[in-house]
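# What follows is a predicted structure for the sequence shown.
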Amino acid sequence: MSHAHPRRRPMRFGAVATLLVAIVAGCSTGGTAGTAVPPSNPPTASLAPGESAEPSLTATKLVVGLGYIPSVQFAQFYLAQQNGYYADAGLDVEFQNKIDPDLITLVGQGSIDVGIGDGTSVIPAVSNGIPITYIATIYGKFPNIVFSKASSGITKAADLKGKKVGIPGRYGSGWIMLQALLASAGLTTADIEIVEYPDFTQAVAVELGAVDAATGFANNEPVQLELHGEKASILRIDEITPLPGPGLVAGTTTLDEQHDAVSAFVTATLQAMEEIKANPTVGLDAAIKAVPELAKDRDTQAALLAATIASWTGPVQEAHGLGAIDRAGWEKSITFLQSLGMTKAPVTTDQLLREDLLPAGG
């Protein structure tokens, strides 16, 4: 489907209420904002074609928080910027790269207008009074996985019993996903040996045999493992419990005061996603323009982008288009997170989700 990107009137925005920060730091997606963490030595983003160092005085400024490191997995944002989709919508968009706990905090405060977060961040945050709302799906398939070498013989959750499993830390969507996988086989984290890799080097640990398996992302670590000549085995949570994938999140006051501008941003971003889905090369080229160091290994970046595109579309997006929100899945996720004690107060989908910022209003 195609998405128009109407011009929006510039609007002003204000500050948002003070946050309960500590809970989010323990319940969010850690250093990845729900997206895959690329290899170490983060590349630096450069001013890309279509970006202006001196934006129009009439444009509405939006600060957009992306994940930990500039990467090919944010190709749609780079393409929309470079092709002028944001500018055509009357927007002056500034990207900032932040870890997810910071993004959720800053979005709630209004310091960042739009950020990326998944249900495992949004549900606990809103249950603790943090004023944020999920407004568009980016990943229709929950990207967090447990991966291993195929030679490990790990093909189902029960096979993890007694195994060494590498994780970045005991927080975030990866940690919640791991608990859900284990629970589906009647196991808990006490049934495995956990090894923490705070620097996100658990993929290297799998390759070297230091651990049997690790948490990661479908569009990163197993892709790289196979590019290195090692067939990967992947365990997914999707069929056990439908945890919502990362999407666009905004503060409630920002939405009230900046509705048209944020809606225009969503529409322009989804337009770029449609174009990349139809022709991945345009997304790869846009990412390389934004982050020139990615050109050093174009084939790897192309493989990572292909896996990312595959994660954009789940059943709900197939039926209703990119960006569509799976309310039924969110309902089940609320119940699951409550069962883990991850929510302070009961929440409903109406408190968590808004679909009126999507191109067709949801």
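Nice, I can see it.
# measure stretch 140-156 end to end?
Taking CA to CA, to the nearest Å, the first and last residues of stretch 140-156 lie 22 Å apart.
# Ranking helices and strands of this structure by mean pLDDT, which lands last?
Lowest mean confidence among the helices and strands of the chain (mean pLDDT, DSSP states H and E): helix 21-27, at a mean of 35.
# Now the helix or strand following it: buried residues?
Using DSSP states H and E, the helix or strand that follows helix 21-27 in sequence is strand 60-66. Across strand 60-66, burial judged by 16 or more other CB atoms under 10 Å covers T60, L62, V63, V64, G65, L66. Just so you know, the C-beta spots here come from the backbone N, C-alpha and C atoms, and that holds for glycine as well.
# Show me the two of those that sit farthest apart.
Across the buried residues of strand 60-66, no pair lies farther apart than T60 and L66, at 18.8 Å, counting by CB to CB.
# Could you list the domains of the chain?
For the chain, the structural domains run 21-141+244-352, 144-236, going by automatic domain parsing.
# how about the ones you listed, which one is nearest A360?
The minimum distance between A360 and the domains of the chain falls on domain 21-141+244-352, with 7.7 Å, by CB to CB.
# Now do the closest one: distance to the chain's middle.
Relative to the centre of its chain, domain 21-141+244-352 is centred 6 Å away, using CA atoms, centre = their mean, to the nearest Å.
# Likewise for stretch 182-191?
How far stretch 182-191 lies from its chain's middle: 26 Å, per CA atoms, centre = their mean.
# Please apply the same query to stretch 140-160.
Per CA atoms, centre = their mean, the displacement of stretch 140-160 from the mean C-alpha position of its chain is 20 Å.
# And stretch 156-170, what's buried?
Across stretch 156-170, burial judged by 16+ other CB under 10 Å covers A157, D159, L160, K163, K164, V165, G166, I167, P168, G169.
# cool, stretch 200-213 as well?
Neighbour counts over stretch 200-213 (16+ other CB under 10 Å) mark F200, T201, Q202, A203, V204, A205, V206, E207, V211, D212, A213 as buried.
# which two in the residues you listed are spaced the farthest apart?
The distance between the two most remote of the buried residues of stretch 200-213 (CB to CB) is 18.0 Å, for F200 and D212.
# Quick one: the strands in the stretch 201-350 of the chain, in order.
For the stretch 201-350 of the chain, the strands defined by DSSP state E, counting those that start in this stretch cover 213-217, 232-236, 247-251.
# Include distance to P292 when you put those strands into JSON lines, please.
Below are these laid out as JSON lines (distance: least, CB to CB, whole Å):
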{"stretch": "strand 213-217", "distance to P292": "23"}
{"stretch": "strand 232-236", "distance to P292": "29"}
{"stretch": "strand 247-251", "distance to P292": "26"}
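# Let me have those in TSV, extended by distance to G90 and mean pLDDT.
Shown next, in TSV, are the strands of the stretch 201-350 of the chain (distance: least, CB to CB, whole Å; pLDDT from 0 to 100):
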stretch	distance to G90	mean pLDDT
strand 213-217	34	95
strand 232-236	40	95
strand 247-251	17	97
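# closest to G117 out of these?
For the strands of the stretch 201-350 of the chain, the distance to G117 is smallest for strand 247-251, at 4.3 Å, taking CB to CB.
# Outside of that closest one itself, list whatever touches it.
Strand 247-251 is contacted from outside by 16, 103-104, 107-110, 113-118, 121-122, 131-139, 258, 262, 266, 269, 325, 357, using CB atoms under 8 Å, 6 or more residues apart in numbering.
# if you look at those residues, which of them are in helices?
Residues of the contacts of strand 247-251 located in helices (DSSP state H): L103, I104, V107, G108, Q109, S121, V122, Q258, V262, V266, T269.
# Which members of those residues are the farthest-apart pair?
Maximum pairwise distance in the ones in helices among the contacts of strand 247-251, criterion CB to CB, is 22.1 Å, between Q109 and T269.
# Show me which of those two is the more surrounded one.
For Q109 versus T269, the count of surrounding residues by other CB atoms under 10 Å is larger for T269: 27 against 20.
# looking at it, that one is touching Q81, isn't it?
No. Using CB atoms under 8 Å as the test, T269 is too far from Q81 to be in contact (9.7 Å).
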